[in-house]
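[1] Here is my input; please provide its structure:
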Amino acid sequence: MDKYVLIVAGGKGLRMGGDLPKQFIPMRGKPLLMHTLEAFHRWDASARIILVLPEDHQPYWNMLCKEIGCKVPHAIVKGGDTRFFSVKNGLDWLLAERRRKGEEDSGLSLVAVHDGVRPFVSPEVVEACFDKAAVTGAVIPVVPMIDSLRETDEKGSHPVDRSRYMAVQTPQVFLLELLTKAYEQPYSSLFTDDASVVEAMGHAIDTVPGDRENIKITTPFDLLIAEAMFAR
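    Residues are numbered from 1 along each chain as shown. Model prediction:
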């Protein structure tokens with residue numbers, strides 16, 4: 001089985017309130033993004049990692065890798081204007097690389113797409129996603145809602161049954177052929193993640209239990225939580 005991981009890091013950190021993109025914020029002597037790469041390398045060192053990064057962020061990343069000493073092998077691909085086009089760029093590069101190496105017919109191939117600012121993803125969640133995707137083709141990790149929820153409409157707001165809702169995480173794992181075909185569709189503003197792109201093509205999405213510690217670091221409050229988790 002060929003295992004690939006697309007790590008998408010296109011955020012500019014606007015919600016973090018600073019000029020430094022959030023994926024480069026240092027934690028324990030390394031940028032958050034480097035911790036994310038290391039999480040997948042610890043899970044399976046044979047998995048091939050492709051980092052999708054805006055072109056103007058790449059010199060800074062290369063400098064960080066040289067100064068700190070990033071030990072995770074990875075390719076770097078230019079990001080797009082939106083997450084959709086960043087993932088598509090990563091897939092296009094991966095397919096071209098497979099053709100170049102004659103790997104197109106190498107059997108079962110799975111690809112994960114993961115947020116660059118989710119450094120706490122566990123090996124167990126990653127493994128569960130890959131195992132189920134090998135059977136069903138499309139899998140996402142989810143966690144149940146714990147807060148009460150209300151829905152707003154023209155009449156005001158009203159409570160909804162939170163047991164019917166789940167929060168979605170990454171990595172989202174798919175058969176490579178399936179995800180590639182899905183990303184041949186025209187872009188739609190309804191595409192909120194990779195699962196929604198695949199689902200728009202008519203393929204069902206399966207789920208596995210996620211992990212509440214697999215947080216996406218997008219706000220200063222998230223950063224405080226991340227600092228506590230690293231300290232632990």
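[2] Quick check: which ranges of the chain have low pLDDT?
    Applying pLDDT under 70 to the predicted model, the residue ranges of the chain that meet it are 11-18, 106.
[3] all helices of it, in order?
    For the chain, the helices defined by DSSP state H cover 32-43, 58-64, 83-101, 123-136, 176-182, 194-200, 220-231.
[4] Centroid-nearest residue for this structure?
    Most central in the chain under Cα atoms, centre = their mean is H114, positioned 1.3 Å from the mean C-alpha point.
[5] Could you give the bridge partners of that one?
    Listed beta-bridge partners, H114: I7 (assigned using DSSP bridges).
[6] List the residues that contact it.
    V5, L6, I7, V8, T36, F40, V121, T170, P171, Q172 (Cβ atoms under 8 Å, 6 or more residues apart in numbering). Any C-beta I mention is one placed from the backbone N, CA and C, and that applies to glycine too.
[7] quick one: which two of these are the most distant?
    The two members of the contacts of H114 with the most space between them (Cβ to Cβ) are T36 and Q172, at 14.7 Å.
[8] Isn't L149 up against S163?
    No - counting by Cβ atoms under 8 Å, L149 sits too far from S163 to count as a contact (10.0 Å).
[9] Among the two, which residue is more densely surrounded?
    L149 (11 against 8; other Cβ atoms under 10 Å).
[10] In contact with that one, which residues?
    Residues touching L149, when contacts are defined by Cβ under 8 Å, 6+ apart, comprise P159, V160, R162, Y165.
[11] Nearest to D131 among those?
    Y165 (25.0 Å).
[12] From what I see, that closest one and V143 are in contact.
    No - because the distance of 10.5 Å does not satisfy Cβ under 8 Å, Y165 is recorded as not touching V143.
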